[in-house]
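Visitor: coords please:
(4 chains)
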There are 4 protein chains.
Amino acid sequence: MGAAHSQAWRTAGRFFDLPWEPDMAVLCGRDAGRARAAAARLGWREAETDWKALLRRDDVALVDVCTPGDTHAEIAVAALDAGKHVLCEKPLANSVEEARVMVAAAERARARGVHAMVGFNYRRVPAVALARRLVEQGRIGEVRHVRGAYLQDWIVDPEFPLVWRLQEERAGSGALGDIGAHVVDLAQFVTGQALTGVSALTETFVRERPLPADAHGLAASGGTGRGPVTVDDAALFVGRLAGGGLASFEATRFATGRKNALRLEVNGSLGSLAFDFEAMNELEFYDGTEDAVTAGFRRILVTEADHPYAGAWWPPGHGLGYEHTFVHEVADLVRDLAAGTGPSPSFADGLQVQLVLDAVARSAAGGSNWEEIGS
Amino acid sequence: MGAAHSQAWRTAGRFFDLPWEPDMAVLCGRDAGRARAAAARLGWREAETDWKALLRRDDVALVDVCTPGDTHAEIAVAALDAGKHVLCEKPLANSVEEARVMVAAAERARARGVHAMVGFNYRRVPAVALARRLVEQGRIGEVRHVRGAYLQDWIVDPEFPLVWRLQEERAGSGALGDIGAHVVDLAQFVTGQALTGVSALTETFVRERPLPADAHGLAASGGTGRGPVTVDDAALFVGRLAGGGLASFEATRFATGRKNALRLEVNGSLGSLAFDFEAMNELEFYDGTEDAVTAGFRRILVTEADHPYAGAWWPPGHGLGYEHTFVHEVADLVRDLAAGTGPSPSFADGLQVQLVLDAVARSAAGGSNWEEIGS
Amino acid sequence: MGAAHSQAWRTAGRFFDLPWEPDMAVLCGRDAGRARAAAARLGWREAETDWKALLRRDDVALVDVCTPGDTHAEIAVAALDAGKHVLCEKPLANSVEEARVMVAAAERARARGVHAMVGFNYRRVPAVALARRLVEQGRIGEVRHVRGAYLQDWIVDPEFPLVWRLQEERAGSGALGDIGAHVVDLAQFVTGQALTGVSALTETFVRERPLPADAHGLAASGGTGRGPVTVDDAALFVGRLAGGGLASFEATRFATGRKNALRLEVNGSLGSLAFDFEAMNELEFYDGTEDAVTAGFRRILVTEADHPYAGAWWPPGHGLGYEHTFVHEVADLVRDLAAGTGPSPSFADGLQVQLVLDAVARSAAGGSNWEEIGS
Amino acid sequence: MGAAHSQAWRTAGRFFDLPWEPDMAVLCGRDAGRARAAAARLGWREAETDWKALLRRDDVALVDVCTPGDTHAEIAVAALDAGKHVLCEKPLANSVEEARVMVAAAERARARGVHAMVGFNYRRVPAVALARRLVEQGRIGEVRHVRGAYLQDWIVDPEFPLVWRLQEERAGSGALGDIGAHVVDLAQFVTGQALTGVSALTETFVRERPLPADAHGLAASGGTGRGPVTVDDAALFVGRLAGGGLASFEATRFATGRKNALRLEVNGSLGSLAFDFEAMNELEFYDGTEDAVTAGFRRILVTEADHPYAGAWWPPGHGLGYEHTFVHEVADLVRDLAAGTGPSPSFADGLQVQLVLDAVARSAAGGSNWEEIGS
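Guide: Sure, this is the predicted structure:
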């Protein structure tokens, strides 16, 4: 995450006309040596090991929080209270309670012109932004179905070690919070509708894994042993959208062969949209108002000058990659901050996703019965 | 359905070496004139309007039931009791109770060497049969995920008329029984595992439709009025497989742009399989035991001589179509009958699917809470 | 070919309203026993070993010529002169000279109301017929580029035997006449334009192969030896269309992994079309008059009621297969004969393709220099 | 090009361990104001308008030539003679003669430890580098067929203005030199074989275009007039590879709907490879040694740690974009320079491509007859 965010801060101003030029002041890490090396490599002027020190610096106007989820709330709230803008990685927090505290801090800060954004970077894939625009323009009509999935396979091997992402105390949850959060946000962003309730299943297929050799994963409990996986490997749920549509979601790290298949299909009364991050420069669009003889899902290469973000880059057909989602995120954030408008997605948007994840977890824990999503 | 089955009976013996030569004795329909015309067109020697008369004929050894679901039980049970083999279209019945009666009749009949088969024709797509074979051979390991969907869009237009498939008393259910039954059977067939419980949602997006002009749709209630849609337009559910895997399903007639997208993806501990009927001659297979450098979903054109069914047809790359699923069904059935073995899928298999549909309907009616699938 | 044509004759009248009902009188083969068995299996009333006997029969109105190319001219001319309609498989003949004699016979016959058709069955793929319609309607504007290929791989293995298709005296040429003929016809049919000249390369990668065990392949020259391959394994050429467009073609039996990839892409000033027989129910269409923001190649599932041929079959999304190209061919032929109009493609169309193949062969033999296509 | 190269110089050292840290000294342009603005935006310390001044600077060790082709020879030769390493954009030059002069300069320079590279950036797409590796490892056996195409559509509109790329005196040629050069290089790189001869066609579909308003396009000849297009819009050719394979190529700016479709398919005796830059993170690979039952083109997502270049970036499935080809180019170049080894592709490689383009042009000008490729 640090590498991706740093590349974004270094690059945004090179391709987008930004009102402010990002100044990469200081990188903060737990280990002084590693932090210095990272700062040098990633282009930060200085390194620091105490995140609280950042908040006292005059040359820091914004804190970009890329730590594991269990530290988001403390850091983000302190930063906002110290008058620093905050960009916080998703999921916003490891619990609804923490998220609420963060939203409150963001609201306090906003009153003082200090802003907070949560990093659902996939909203800034040009194809996703185009999907949102087409829905807003009414091109697919009323939303009937959402089909969301985020499929990965990096822990299919039962000998893959027990890294921090597989420990509840650090990560909060497993596939659900890590990648489920993304696909839930994507679906709500593209449709412009919130989920209102869910019935869910979660599962941990491999319940014990080798402790990692690397101290950065887990404090080794005496050597070469194994430890319990305390998060979900996969989460599935069906739900309803505020507008009356039906939705299904799946987040898993056990979809063998699927590497980063963040997928969204939306069927409306007038048309449909389909996206898969594994082909991130493409959006499929079916226009149901077209004559049936020539209607078909069209593969739009989202690289035209008039497509969202694409005009800042290369000629048509010269695609972008994963890192550009962060460049776009940073560019939008800087523009919003300079304009004094609240960036999007806000911490409130992050809380709303957290409420969905919470309902999913409650449903899964409660025998897969229906759970309403609070507010 | 009548046209597809007739083509199958006419064709099976031309391409497959069958122990018995099908003799197309008599087509039965409600209207004498139409039945005669259909018989002539479809290649049946005679026409008949009273299905009970068929059961008294010596030249009828098998009854192929292609009527709406509300008549399956009566006809199939009578036929079996009269000593006729039965091929019955899916879903087996409109209720679990009827399905149980049919299974009982099939068991009675079997004791006398009379057999019953339910027409889940998609099992006979070569790509699907190959998927089953690969699972049986252990090529994908332990099943972790099933992702099933059957997506159509033929009633997206709210002015599409209220045909019999949209009336509960005739069709039993809507998308659920019509196409959901297929995808549930497909998933259970390919994995070799039954679903054990579900949480489900159903919805009827368009609740009133014009009465059809055509008397074969609905008895017109005085002309140009509208009537209530009494079945589901869409059904979604998540569930668990007997072997510990997770499954999600969706059956809908509102997936704008999807015409006949019967899709199944199975992720196992060693590999994955993916199928979409809109590209029915292809099976995607990911072999996770392959070196990561050259691993990838491979698109198998299931048209090789060593592929299921394909050897009877054309050279590699010369694909088959929808109707061939019925040709294969009939060929397998005739061989099984000649061998005296019970054909597959049996009425018991049909009942099992019915039990799943019943649990889905109960869950959807009961606030989307979890429902165990009985036996 | 015999099996495919027979299935077409048996089936056409079941799905299309034909003015005449095909009566499958007699199948002719070289070996009496095999001919009788084939007739029984394929649905012909009688069998015959002397093709000339067919021409004297009153119950034969049409001769369907499915023999190797070296016999087309003799049989077709005799049949036409005897007043029998003729459907002749492609390529029309093994040489331009033979093709000219056949065209002359067809013209003589036409004066007497007797008609001839050459069997370029791929014109009757619904997606191809739709492509032709869209070009005729001006949807892609002026044709700039044609990209044709017919890729197979059935003789990649150097131990594949020396069957008749690899012998010049029987087959005339190799990939060029067998599959190159199809793709040339397809390109000219879809664009409505003839090729005017070519520069070509051909190659025989494996120049010697094992003699086939089977006497129907090659007269065995004393047992287990090897013999020379006397036809091309592959042919490539670039050329010009009458309307000013550029074209490239490739026909090969050495495209490892491509099973029956008959591909055509046409780029016009207003749009583009792309087809691949391995996905025969799909046509890709790019509408260049569309706003760039939503333009994209759309995958049309050519299974709608308003698509060519598709209305006679199944609901949308229920695809057709290879054999249906022959069913459509036969249905069109019967309708044309009943109407007294000359069927299409005519023998003159077949000659035009032969002239292209001849120019290709001359160019390849003459150091890949440019050769004009005669008329 | 300047923007892409600058991003590469800024980024390479952030993701790759480079022995030397690039120091972006000075950007040179014709207009002082624009050069200064570009330098500031793109991250260069200084700006300059006289390229010869660069050669006298001690803080310039390498000159990156991104100018139109008519200036490559003069600048590159002078830079090499001044002891500066050179990275020169493709095509190497506008004529074989110029290219030979450049190769001679590169050879002189090499004797003094000064090196030259030509910028065929597409070699550094991970999927292309993987394709090369698989060919080298013998995974596809002997090369039978190469199918290369570079399809764009940016000048389909006849009102698109007469920019410098459409003028022979600046660009040398049209689609041929601009994009044909890339696909020829790609084919020769991946197969490891040179083309030995060609038969070619070229065409200019739109022969006159509006003069551009912008002085940077064309010196306006008195205002709003039109001028002649003096380069090819499209070039097609067939050819032979040194190893006995056959090849076809197409380069066009008139393939409506194709935005940047740089495609390569290679069929070998044991397998096949297919690539399309529009899906640049994927490589299709068919392994013909696999059992036919499970053989199929596999879509490899070339984002694994063990794939070329990919390990320096993100987790599997998180794709790269167009600009990364330049990052990889620069990283490889810096490593080679530090190691004192000649970078690849060399100016001699660039000359070889030029010789192919020259033979294509000669063939096209000479009635599409065969032309041998010199050395």
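
Visitor: right, and the helix or strand after the helix or strand harbouring residue A:110?
Guide: Assessed by DSSP states H and E, residue A:110 sits inside helix A:96-111. Note on helix A:96-111: by DSSP H and E, the next helix or strand toward the C-terminus is strand A:116-119.

Visitor: So in that sheet, which strands flank that following strand, and in what orientation?
Guide: Strand partners for strand A:116-119, identified by DSSP bridges, are recorded as strand A:85-89 (parallel).

Visitor: next SSE after the helix-or-strand element of chain A with minimal mean pLDDT?
Guide: Ranking every helix and strand in chain A by mean pLDDT, DSSP states H and E puts helix A:168-171 at the bottom, with a mean of 91. As assigned by DSSP H and E, the chain's next helix or strand after helix A:168-171 is helix A:175.

Visitor: Give me the residues contacting that following helix.
Guide: A:150, A:152, A:231-235, A:251-253 (C-beta atoms under 8 Å, 6 or more residues apart in numbering or on different chains). C-beta: built from backbone N, CA, C; applies to glycine.

Visitor: tell me what the helix or strand following it is packed against?
Guide: Once the chain leaves helix A:175, the next helix or strand it forms, by DSSP H and E, is helix A:181-191. In terms of contacts (3 or more C-beta pairs under 8 Å, 6 or more residues apart in numbering or on different chains; DSSP states H and E), helix A:181-191 is packed against helix A:126-136, strand A:143-151, strand A:195-203, strand A:246-252, strand A:261-268, helix A:347-365.

Visitor: Closest residue of the stretch 101-250 of chain A to chain B?
Guide: As assessed by C-beta to the nearest C-beta, chain B sits closest to residue A:199 within the stretch 101-250 of chain A, at 3.5 Å.

Visitor: Determine the number of other residues adjacent to that residue.
Guide: Using other C-beta atoms under 10 Å in any protein chain shown, residue A:199 has 31 neighbouring residues.

Visitor: re earlier: now list the buried members of the contacts of helix A:175.
Guide: A:150, A:152, A:231-235, A:251-253 (16 or more other C-beta atoms under 10 Å in any protein chain shown).

Visitor: What sits closest to the most far-flung residue of chain A relative to its centre if chain neighbours are left out?
Guide: Here the centre of chain A is the reference, and by C-alpha atoms, centre = their mean the most remote residue is residue A:293, at 39.4 Å. Nearest residue to residue A:293, sequence neighbours excluded (C-beta to C-beta, 6 or more residues apart in numbering or on different chains): residue C:306, at 5.2 Å.

Visitor: Residue A:314 too?
Guide: residue D:322 (5.2 Å).

Visitor: Ok, residue A:167 next?
Guide: residue A:230 (5.7 Å).

Visitor: Count the neighbours of the nearest residue to residue A:51 once chain neighbours are set aside for me.
Guide: Among residues not flanking residue A:51 along the chain, residue A:28 sits closest, at 5.0 Å (C-beta to C-beta, 6+ apart). A count of neighbours around residue A:28, defined by other C-beta under 10 Å, yields 25.

Visitor: check contacts around residue A:28.
Guide: A:35, A:47-51, A:53-54.
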